[in-house]
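S.K.: predicted structure and sequence below. I'll ask about it afterward.
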Amino acid sequence: MAQGAGRLVRASGDRGVVAVLDPRLATARYGSFLRASLPDFWYTTDRNQVRRSLAAIDASAQADGK
């Protein structure tokens, strides 16, 4: 999982969302171990925050002409 997420973010300017939809990442005893093995990502369980973040990424990309 860490390798896959790391391949999505290749440069410091890359933006996006890595969504792990398995609730065990938040609830199982081993979830914190798995989260700790990932690159330094912002973590949330609030889907509205994710939507706002994606909208901001989209707006930024449109402003940059991408």
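M.R.: That came in fine, so what should we check first? Numbering: from 1, shown residues only.
S.K.: which residues touch residue 57?
M.R.: Counting by Cβ atoms under 8 Å, 6 or more residues apart in numbering, residue 57 makes contact with 15, 16, 17. No exception for glycine: its C-beta is placed from N, CA and C like everyone else's.
S.K.: longest helix in this structure, please.
M.R.: Across the chain, the longest stretch assigned as helix under DSSP state H is helix 47-63.
S.K.: what residues sit buried inside that helix?
M.R.: Residues of helix 47-63 classed as buried by neighbour count (16 or more other Cβ atoms under 10 Å): residue 53.
S.K.: pLDDT averaged over that helix - what is it?
M.R.: Helix 47-63 shows a mean pLDDT of 90.
S.K.: which parts of the chain are strands?
M.R.: Counting by DSSP state E, no segments of the chain form strands.
S.K.: before we move on, the earlier item: which of the contacts of residue 57 lies closest to residue 4?
M.R.: residue 16 (12.6 Å; Cβ to Cβ).
S.K.: what are the boundaries of the helices in the protein?
M.R.: Using DSSP H, the helices assigned to the chain run over residues 2-8, 24-27, 31-37, 47-63.
S.K.: show me how far the first one is from its chain's centre.
M.R.: Okay, so that is helix 2-8. Chain-centre distance of helix 2-8: 10 Å, with Cα atoms, centre = their mean, to the nearest Å.
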